[in-house]
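> quick one, fold the following:
(chains A, B, C and D)
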4 protein chains.
Amino acid sequence: MIVIMRPRTPQQEIDKLTDALTSRGVEVNPVIGKDLIILGLVGDTSKIDPTWIEANRNVERVMHVAEPFKKANRMFHPDPTVVKAGGREIGGKKITMMAGPCSVESEEQICGIAEQVKEMGADFLRGGAFKPRTSPYAFQGLKYDGLRLLKEARAKTGLPIVTEIMSPYDIELFAEDVDVIQVGARNMQNFELLKELGHTHKPILLKRGLSATIEEWLMSAEYIMAGGNENIILCERGIRTFETYTRNTLDLSAIPAVKKLSHLPVVVDPSHASGKWWMVDPLAKAAVAVGTDGLIIEVHNDPANALCDGQQSIRPSVYGELVKELRAIARAVGREL
Amino acid sequence: MIVIMRPRTPQQEIDKLTDALTSRGVEVNPVIGKDLIILGLVGDTSKIDPTWIEANRNVERVMHVAEPFKKANRMFHPDPTVVKAGGREIGGKKITMMAGPCSVESEEQICGIAEQVKEMGADFLRGGAFKPRTSPYAFQGLKYDGLRLLKEARAKTGLPIVTEIMSPYDIELFAEDVDVIQVGARNMQNFELLKELGHTHKPILLKRGLSATIEEWLMSAEYIMAGGNENIILCERGIRTFETYTRNTLDLSAIPAVKKLSHLPVVVDPSHASGKWWMVDPLAKAAVAVGTDGLIIEVHNDPANALCDGQQSIRPSVYGELVKELRAIARAVGREL
Amino acid sequence: MIVIMRPRTPQQEIDKLTDALTSRGVEVNPVIGKDLIILGLVGDTSKIDPTWIEANRNVERVMHVAEPFKKANRMFHPDPTVVKAGGREIGGKKITMMAGPCSVESEEQICGIAEQVKEMGADFLRGGAFKPRTSPYAFQGLKYDGLRLLKEARAKTGLPIVTEIMSPYDIELFAEDVDVIQVGARNMQNFELLKELGHTHKPILLKRGLSATIEEWLMSAEYIMAGGNENIILCERGIRTFETYTRNTLDLSAIPAVKKLSHLPVVVDPSHASGKWWMVDPLAKAAVAVGTDGLIIEVHNDPANALCDGQQSIRPSVYGELVKELRAIARAVGREL
Amino acid sequence: MIVIMRPRTPQQEIDKLTDALTSRGVEVNPVIGKDLIILGLVGDTSKIDPTWIEANRNVERVMHVAEPFKKANRMFHPDPTVVKAGGREIGGKKITMMAGPCSVESEEQICGIAEQVKEMGADFLRGGAFKPRTSPYAFQGLKYDGLRLLKEARAKTGLPIVTEIMSPYDIELFAEDVDVIQVGARNMQNFELLKELGHTHKPILLKRGLSATIEEWLMSAEYIMAGGNENIILCERGIRTFETYTRNTLDLSAIPAVKKLSHLPVVVDPSHASGKWWMVDPLAKAAVAVGTDGLIIEVHNDPANALCDGQQSIRPSVYGELVKELRAIARAVGREL
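Coordinates of the predicted model:
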């Protein structure tokens, strides 16, 4: 951590702050020039709240040097983490394919899609039982019935299931029934939920918030890991920018960035990123080329009548073609799929 | 709602979609030109999910015309709502002043500050008991002890209290103990929490999410209102943009926008918006000039030793001076303070 | 400037970089801890290109400490600059009022509006002769005829004129004919234009680019100042964010920020910021309250038939009412208007 | 174009606007419901300035339906444009490789790099002679000497050259000497420059502005095309967002979007997008997978001593390896390289 002091801060004020910092267990190295006074802090700065230092009226700014996350940090854990879920591995050589409808609608629908995507090469079945919707008047999911139907689809196909949790009340149930618990973008900083998920041992798919920096996203992973659960799969699903042609802007640079900063696996959701079914194909290909560990794609047998997000869903046959083409790209970058 | 069809869509496809829409209870008015086919939907479109229409492969785009919120909409409720809390009114001629520390730290601290800000003209005491922090290693608040201390401060000063809720588990307790329940920016789309707050009758201070559009913010208010609780106070606290000099960018245009779109009162938090104590003064003045119904300002008796956000807190004496200057601006725009 | 080295960089690589930096005239102060190696650079770092240091494969990041602008920097020029133009002063106690139509349309129009806004208290007449339009098919202004009409309006009313330059070919003409030369948001980083304007002595109104940071904006001012022309008036006119309700998001925090970082005067354009005529009133009031040195407002005698930007123009009578109300706010913050 | 009227607008006001629109040559189709009045405009709306309609105080909003660009629009030109430059084709099956240093530094440097990248498979040599720099104190390029050296490198290697123009004064010279004239991101809306380039017949590489929407970018292409020059190559180079880990956020969704909206070829610049040399490899691969028509990559023989942007440059040997790996991805998506 580096503390920039205001120019011409009196020496005694520098000394006071130095003492306060030293008493908190860090070593203070001053660098003093004309028009420039900085204090370089060395040691365990993770316990020092930077806003406390900034509150000192002689301090101009505080700059982080080391990343504030520890358990998620690649520096202290150089090997990539491979998360195990439902007998599959996420984060190894094989690119993990998660597919299924935006929301579970009926037994026929979810079991039908599950069988089809399994045949096309999917490793996991995704499907929403609890749906976060911007409008209180929109379809909110089949809820517990949806969860039950997902379990049926798993029983029939053997595909492990990924589904979103919205309330801490449901954690026990999800921990028992679900293979990967998804935390949606809107809940990425629902810290109470994160903390409680940290006490389970279930793999968590943590979506990046709409306006979350990569650092904040990793700090949310850290929340879960700090509780003891290190089975985190990150998921890039587009960020909010000024561009409105696509629903969100898929930030594919985030994949190599996360790989450098963290040992956690990271997957890409091209369906939510673009909000357009015809963009899923090129964005999925780009995601594999850039180094993703997996893809989570919305597949629906009848997009035009889907209860939710049909505009970004592709049909199983289209998915099947896509998977074949992705295989060639995966090979070209030294991966399998 | 307006549906833009792809150019050269066959007539039978237009007819099919028209029938599907008509059967959902809306009237369809086609406007057909060369290179342009639009369907104007008239009637109650609030139950139609636009993504369902967009899922039709002949549809280019769907555009909203009417705002998707109803209970929060000024069109159906022209008079401004005045929310009553702790014997005060928010949204009337008087500008409501909420003040207090970022977090409750001790009895001496919170009671001392409460007495000082009361004397300086504050109407409400704010103070965090449960603190949402980006890092799991940062101070998370005194929690239930903090709540108890807030009640003590209220008992001593008579100031009603505003404090943030983070978990649905605490709703019952907050509904009993707190005068205004704050929903933080990171929980603005924690829909489970919003729904449950809709079943209480407590005034809710709903902060705008970091990257929430004005429409999404009002839709979150609609979530609470749909449950039956119409006591909502909106709070603009800065949005996330590319500019990093300030912590967030205070969007003061949002105040007249909200006033036009909705009947709900709206207050401004200049402390979180800028993250800089020396910006609180000019931004508070601008907020009053632009038409805010209230100000929520961080005040701490010892900012340099605050456990949280001291860099954006001002001292009680500075607050007192500010209040005096704000009064002149309030008068200039036909308000009281 | 602070250089963060990659962890575990060999000492000899640190030494090599240190030598290279020292030979460029700066003093290098190392701060070395476990997992952290930083070099604090002291001295005149303004000539060192940070990307050159970042190109060193052992360097993780380079952080600025001092602001990269010098002539525009308040640290080296504590007193505020007052720019003189057409017999008026911008940046003193009086808030400068610039008003007029988006574009000059005819002699009757521009002279009529000039007379009306003068009567209402305007200090300068604004009006576009050359118009930057997103579409090549939109009205591009009356060009040299527009300039001639502006001069006529000045001759009749005595109001000095502010108008936008778009091409370096016109600098000589503008320097002769115009009182304040406006550089539009889209040209804020048209460095060739800035450099040439640096060789005139005319006051320049430099609008902030749509996605320019405050630092980049001041660096553009520095381009002009580096050429010898220090008569710069900055103009905040809204930045581009994810919010689409307003055309841009007016960043009023930028006003106190600029005042702290620089000695240059700064004015606000509420018309372009919001793109909505009914928002001009509250935003103008907020701008005065936050500390602006001036306001540039679009006024048109017949907005519904304006050739450009009628949707954000107000009538002279509305302007007159606004000016009166602004006076009370100006007084409340210790200014005149 | 669709005009949304304010609710309860009197019929006579609707009639007045309808007459005004009809007299401008468009057909007006009203869609009238309770709480909703819209006018659907059919015909050639490209000459109608939407801000003129918005200036009508009874108008709530105006929505575009058709894209405002014509010559760049794929609807009116379904076949992809192949731009010919220096004996190469851009926009065909082959992916075009442009490579070279950020700036031309010396004869040895530019000729050496040219020979190396040619051998590695580059089709064009890029190199800056005139450099747009944020700071007036940074290296601004060798200017006319740089141009001369680029020509020497072309003479030696046969590689056509791409370089950036900054001033309209240089157009004649560039039109004679350069094979592809680059317009930088900061000049994307320097309309005077665009208009003049429209009068040449040279291929133009038009970079997307830092905060330009896809529509605005295509409108800038339209400016050049409206003048008669249809040889436009678009270039995505990252947009400005809240994320600061990368210099910009590469918007790869823009590639399929541009392909759908326009017939113009589009290339990707992964070097400027990320600002980090180690991200060039994965982002270049993703760009090929997503469907780019070309790649423009910064290659320097000695990045650590480059005069500019060394932190994002890769060595020729690294470039050679990358090209080989890109070939496999190109094949997988049905392209050559």
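> who does residue A:296 form a beta bridge with?
In this entry, residue A:296 is beta-bridged to residue A:98, by DSSP bridges.
> measure it to chain D for me?
Here the criterion is CB to the nearest CB, to the nearest Å. By it, residue A:296 lies 17 Å from chain D. C-beta here means a position set from N, CA and C on the backbone, and glycine is covered the same way.
> then residue A:307?
26 Å.
> pLDDT score for that residue?
At residue A:307, the model reports a pLDDT of 82.
> and if you look at residue A:300?
Predicted confidence (pLDDT) for residue A:300: 95.
> do I have it right that it meets residue A:116?
No: between residue A:300 and residue A:116 there is no contact under CB atoms under 8 Å: 10.3 Å.
> quick check: residues of chain A near chain C?
Applying CB under 8 Å from any CB of the partner chain, we find that chain A lies next to chain C at A:2, A:4, A:7, A:27, A:29, A:31-36, A:38, A:40, A:42-43, A:63, A:65-66, A:75, A:211, A:240-242, A:244.
> can you give me the strands for the stretch 151-300 of chain A?
Here the stretch 151-300 of chain A has its strands, by DSSP state E, counting those that start in this stretch, at A:161-165, A:180-183, A:204-207, A:232-236, A:266-268, A:294-298.
> need these in a markdown table (columns: mean neighbour count and distance to residue B:275).
Shown next, in a markdown table, are the strands of the stretch 151-300 of chain A (neighbours: other CB atoms under 10 Å in any protein chain shown; distance: least, CB to CB, whole Å):
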| stretch | mean neighbour count | distance to residue B:275 |
| --- | --- | --- |
| strand A:161-165 | 26 | 32 |
| strand A:180-183 | 25 | 27 |
| strand A:204-207 | 26 | 26 |
| strand A:232-236 | 27 | 27 |
| strand A:266-268 | 27 | 30 |
| strand A:294-298 | 28 | 35 |
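> of all these, which one is nearest residue B:20?
The closest of those to residue B:20 is strand A:294-298. By CB to CB, the value is 21.3 Å.
> before we move on, back to that, buried ones among the residues of chain A next to chain C?
Buried positions within those, assessed by neighbour count (16 or more other CB atoms under 10 Å in any protein chain shown), are A:2, A:4, A:29, A:31, A:33, A:36, A:38, A:40, A:42-43, A:63, A:65-66, A:211, A:240-242.
> what ranges do the helices span in chain A?
Taking DSSP state H as the test, the helices found in chain A are A:11-22, A:50-54, A:107-120, A:144-157, A:171-177, A:191-197, A:214-226, A:254-261, A:270-274, A:277-290, A:316-332.
> hey, least reliable of those by pLDDT?
helix A:50-54 (a mean of 86).
> using PDB, write down the CA coordinates of that one.
The C-alpha coordinates for helix A:50-54 follow below in PDB (Å, rounded to 0.1, in the frame of the first residue of the first chain):
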ATOM      1  CA  PRO A  50      -7.500   2.300   3.300                       C
ATOM      2  CA  THR A  51     -10.400   4.700   4.000                       C
ATOM      3  CA  TRP A  52      -9.100   5.000   7.600                       C
ATOM      4  CA  ILE A  53      -5.800   6.400   6.200                       C
ATOM      5  CA  GLU A  54      -7.600   8.600   3.600                       C
END
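> is it positioned near chain B?
Yes: using CB under 8 Å from any CB, we find that helix A:50-54 touches chain B at A:51, A:52, A:54.
> distance of the second one from residue B:305?
Computed as CB to CB, to the nearest Å, the residue A:52 to residue B:305 distance reads 8 Å.
> what about these two, which has more around it?
Of the pair residue A:52 and residue B:305, residue A:52 is the one with more neighbours under other CB atoms under 10 Å in any protein chain shown, namely 23 against 14.
> just to revisit the earlier point, show me the buried ones among the residues of chain A next to chain C that map onto strands.
A:2, A:4, A:29, A:31, A:33, A:36, A:38, A:40, A:42, A:63 (DSSP state E).
> please name the bridge partners of the fourth one.
If I follow you right, that is residue A:31. Going by DSSP bridges, residue A:31 forms beta bridges with residue A:38.
> and it, what does it touch?
If you count contacts by CB atoms under 8 Å, 6 or more residues apart in numbering or on different chains, residue A:31 has them with A:37, A:38, A:39, A:40, C:29, C:31, C:40, C:42.
> pLDDT at it, what is it?
pLDDT, residue A:31: 86.
> which single one of the contacts of residue A:31 is nearest to residue C:335?
residue A:37 (34.5 Å).
> surely the closest one is in contact with residue A:7?
Yes: with contact defined as CB under 8 Å, residue A:37 and residue A:7 form a contacting pair (7.0 Å).
> give me the neighbour count for residue A:322.
By the measure other CB under 10 Å, the count of residues near residue A:322 is 23.
> cool, and residue A:12?
Counted with other CB under 10 Å, residue A:12 comes out at 8.
> how much space between it and chain B?
Taking CB to the nearest CB, one finds residue A:12 at 15 Å from chain B.
> repeat for residue A:192
Separation of residue A:192 from chain B (CB to the nearest CB): 4 Å.
> list the contacts of the residue in the stretch 1-150 of chain A that chain D sits nearest to.
The minimum distance from the stretch 1-150 of chain A to chain D, using CB to the nearest CB, falls at residue A:67 (10.5 Å). By CB under 8 Å, 6+ apart, the contact set of residue A:67 is A:73, A:75, A:215, A:218, A:261.
> out of these, who's the most crowded?
Ranked by neighbour count (other CB under 10 Å), the contacts of residue A:67 have residue A:218 at the top, with 26 neighbours.
> can you pull the contacts of it?
A:67, A:69, A:72, A:73, A:234, A:258, A:261, A:262, A:264.
> let's see 10 Å
Contacts for residue A:218 (CB atoms under 10 Å, 6 or more residues apart in numbering or on different chains) come out as A:67-69, A:71-73, A:206, A:208, A:212, A:225, A:232, A:234, A:257-258, A:261-262, A:264.
> hang on, residue A:284 packs against residue A:299?
No: using CB atoms under 10 Å as the test, residue A:284 is too far from residue A:299 to be in contact (11.6 Å).
> can you check which residues contact both of those two?
Shared contacts of residue A:284 and residue A:299, defined by CB under 10 Å, 6+ apart, comprise A:271, A:314, A:319, A:322.
> closest to chain C among those residues?
When the shared contacts of residue A:284 and residue A:299 are compared against chain C (criterion: CB to the nearest CB), the nearest one is residue A:271, at 20.3 Å.
> contacts only, for the residue found closest to residue A:275 once you drop the neighbours it is linked to in the chain.
Excluding the flanking residues, the one nearest residue A:275 by CB to CB, 6 or more residues apart in numbering or on different chains is residue A:247, at 2.9 Å. Residue A:247 makes contact with A:237-238, A:240, A:271-276, A:279, A:309, A:311-312, B:51, D:253, according to CB under 10 Å, 6+ apart.
> most proximal residue of the stretch 201-337 of chain A with respect to chain B?
Counting by CB to the nearest CB, the stretch 201-337 of chain A gets nearest chain B through residue A:310, at 2.5 Å.
> for the closest residue to that residue other than its chain neighbours, give its distance to residue A:311.
Once flanking residues are discounted, residue A:310 sits nearest to residue B:55: 2.5 Å by CB to CB, 6+ apart. Residue B:55 sits 4 Å away from residue A:311, going by CB to CB.
> ditto for residue A:3
50 Å.
> neighbour-wise, which of the two wins?
residue A:311 (28 against 25).
> list the contacts of that one.
Residue A:311 neighbours (CB under 10 Å, 6+ apart): A:102, A:247, A:271, A:274-278, A:298, A:303-304, B:50-57, B:59, B:61-62.
> so for the spatially closest residue to residue A:274 that is not a sequence neighbour, what's the pLDDT?
Once flanking residues are discounted, residue A:274 sits nearest to residue A:246: 4.7 Å by CB to CB, 6+ apart. In this model, residue A:246 is scored at 94, pLDDT.
> let me see the contact set for residue A:246.
By CB under 10 Å, 6+ apart, residue A:246 lies in contact with A:238, A:273-276, A:279, A:283, D:214, D:251, D:253-254, D:256-257.
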